[in-house]
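Visitor: requesting a structural model of the entry that follows:
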Amino acid sequence: MTGLWLAWTILLGLVGLVWVSRHLDVSRYQRREHPLTPDSFDGPPTDPPPLSVLVAAKDEQDNIASCVTTLLGQDYPDFEVIAINDRSEDRTREILEGIDDPDGRFTVIHVTELPDGWFGKNNAMRAGVEKATGSWLCFTDADCRQVSPRTLSMAMRMAIDEQVDLLSVLPVLETRSVVERVIQPIAGAVMIFWFNPQRVNNPTSRTAYANGAFMLMRRETYAAIGGHERVKTEVNEDMHMARLVKEQGLRLRVVPNHGLYVTRMYSNARETWRGWSRIFYGCFGTFRRLAVSFMFMLIMGLTPWASAVVAWSAVAMCGWAQAGPWQNIAVTATLAILLQQSLLVRYYRASQARWWYAPTYGIGALVVLAMLVNAMCKLGGRQATVWRGTTYRGNQTVRD
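Guide: Residues are numbered from 1 along each chain as shown. Modelled structure (predicted):
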């Protein structure tokens, strides 16, 4: 039994050391990377190239008006907005056709059928690119809302000044319900585990990541990676396009934003469950990665809490002096929890989430573990992925 107590204590100590290493990673990242803000540059690039902004919308009647109107309100000198209505069955078409466009910058495309061998969003974006006239392309989502008129100017200035081939400006997540506030940050943390921004922005690293909420690239870059044709059956096309950019030896850059734009990913528990299960399935793509994520979340996230509950209960029943090895486990687990919580507070603040939700980490971790299991079930098409009214199994459209 002595070996078991010792192994348990050592495991908790190692968990605490990992959280310390994460503190150091955050500190290094914050020193090197700064969010893109409305004041990052004094204005758009000199001789600004023409830019086409493309947004695909399927059943987005609640979001599409604010998405398009805030894009049309941008101060970038030379841009167009192309909205692709992808087989919507709600009022999306009506809303798009009713948007006022005094400057002639807005075009609406209606996609009525999904071709064989294509997933919905990828096909819609392909159709939009065919109509685009810009030498730069910006792909965004219908649930994004600009809170500054300078988003396009700041992003284009960074991309050109720093010679970036694909720039992904990360969204600030709007969370209006308790479910969103508990789950979203924890699910996002799983992504950071695999796609550390420092490695993503390192040209010598193979780690690639991009967020489809805002992807800005040269048209030449789009052509070099094969466009949406290369990712036509990918659920998370943004991740795969980022990978292709790095494979071509092109420069990929991911940067957070502060004060430029926001997005509300999911509005209820059902959407959150489906959405994050889809993201984990599409981004990780292998049982090994999903299983490692599961074990990492289980050991790093929940083991200290479970150990603390058991150990402190034993101490309470036996008394401190008689608790024996439970003393070491209780103290080590508590230290690991304090290190975890202090890092989470930093992470929540950096991601502009409500930091006081950090103590709900255990609940969020349990839900995310279940989502990872659900994503494992989707591998190889064993379980279908339903998104925006279309059902996919593996790389095939099952039901439209």
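Visitor: what sits up against stretch 8-16?
Guide: Contacts to stretch 8-16, defined as CB atoms under 8 Å, 6 or more residues apart in numbering, come from residues 299-300, 303-304, 307, 325, 328-329, 332-333, 335-336, 339. Where C-beta positions appear, they are placed from N, C-alpha and C, glycine not excepted.
Visitor: same question for stretch 173-191.
Guide: Stretch 173-191 is contacted from outside by 209, 262-269, 272, 276, 279-280, 283, 293, 297, 301, 344, 347-348, 351-354, 357, 360-361, 363-365, 367-368, 371-372, using CB under 8 Å, 6+ apart.
Visitor: out of those, which are buried?
Guide: Neighbour counting by 16 or more other CB atoms under 10 Å classes 209, 262-267, 272, 276, 279-280, 283, 293, 297, 301, 344, 347-348, 351-353, 357, 360-361, 364-365, 367-368, 371-372 among the contacts of stretch 173-191 as buried.
Visitor: buried stuff in the longest helix belonging to the chain?
Guide: Determined from DSSP state H, the single longest helix within the chain is helix 2-32. By 16+ other CB under 10 Å, the buried positions in helix 2-32 come out as 8-9, 11-12, 15-16, 18-19, 22, 29.
Visitor: mind listing the helices for the stretch 1-150 of the chain?
Guide: Secondary structure of the stretch 1-150 of the chain (DSSP state H, counting those that start in this stretch): helices located at 2-32, 64-72, 92-97, 120-131.
Visitor: how far does the longest one sit from the chain's center?
Guide: It refers to helix 2-32. How far helix 2-32 lies from its chain's middle: 25 Å, per CA atoms, centre = their mean, to the nearest Å.
Visitor: where along the stretch 201-350 of the chain do the helices fall?
Guide: Using DSSP H, counting those that start in this stretch, helices in the stretch 201-350 of the chain cover 219-224, 237-247, 269-284, 287-296, 303-318, 325-350.
Visitor: any idea which of those helices gets closest to Asp143?
Guide: helix 269-284 (10.6 Å; CB to CB).
Visitor: next, give phi and psi for the residue nearest to the spatial centre of the chain.
Guide: By CA atoms, centre = their mean, the chain has its centre lying nearest to Asn211, at 5.6 Å. Backbone torsions of Asn211, given as degrees, to the nearest 10, read phi -110, psi 120.
Visitor: got it, and Asp161?
Guide: Phi and psi for Asp161, reported as degrees, to the nearest 10, are phi -60, psi -40.
Visitor: cool, Arg354 as well?
Guide: As for Arg354, its main-chain torsions (degrees, to the nearest 10) stand at phi -80, psi 110.
Visitor: do the one 4 residues further on as well
Guide: When quoted as degrees, to the nearest 10, the phi and psi of Ala358 stand at phi -50, psi -40.
Visitor: what sits against the closest residue to Val18 other than its chain neighbours?
Guide: Once flanking residues are discounted, Val18 sits nearest to Met300: 6.2 Å by CB to CB, 6 or more residues apart in numbering. Contacts for Met300 were tallied using CB under 8 Å, 6+ apart; they are 15, 18-19, 340.
Visitor: let me see the domain layout of the protein.
Guide: Using automatic domain parsing, the domain parsing of the chain gives 2-28+286-393, 46-171+211-267.
Visitor: and the ones you listed, which is most packed in?
Guide: domain 46-171+211-267 (a mean of 19; mean count of other CB atoms under 10 Å).
Visitor: any low-confidence regions in the stretch 251-400 of the chain?
Guide: Applying pLDDT under 70 to the stretch 251-400 of the chain picks out residues 380-400.
Visitor: let me see the mean pLDDT of stretch 166-180.
Guide: The average pLDDT within stretch 166-180 is 89.
Visitor: export it as CSV, just CAs?
Guide: Taking C-alpha atoms only, stretch 166-180 is exported to CSV below (Å, rounded to 0.1, in the frame of the first residue of the first chain):
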residue,chain,number,x,y,z
LEU,A,166,-2.9,33.4,-44.1
LEU,A,167,-3.9,35.5,-41.1
SER,A,168,-6.6,34.1,-38.7
VAL,A,169,-7.9,36.7,-36.2
LEU,A,170,-9.4,34.7,-33.3
PRO,A,171,-12.9,35.7,-32.2
VAL,A,172,-14.0,36.9,-28.8
LEU,A,173,-16.8,34.5,-27.7
GLU,A,174,-20.1,36.0,-26.6
THR,A,175,-21.6,33.8,-23.8
ARG,A,176,-25.1,34.7,-22.6
SER,A,177,-26.1,31.6,-20.7
VAL,A,178,-24.6,29.7,-17.8
VAL,A,179,-24.2,26.6,-20.1
GLU,A,180,-22.0,28.6,-22.5
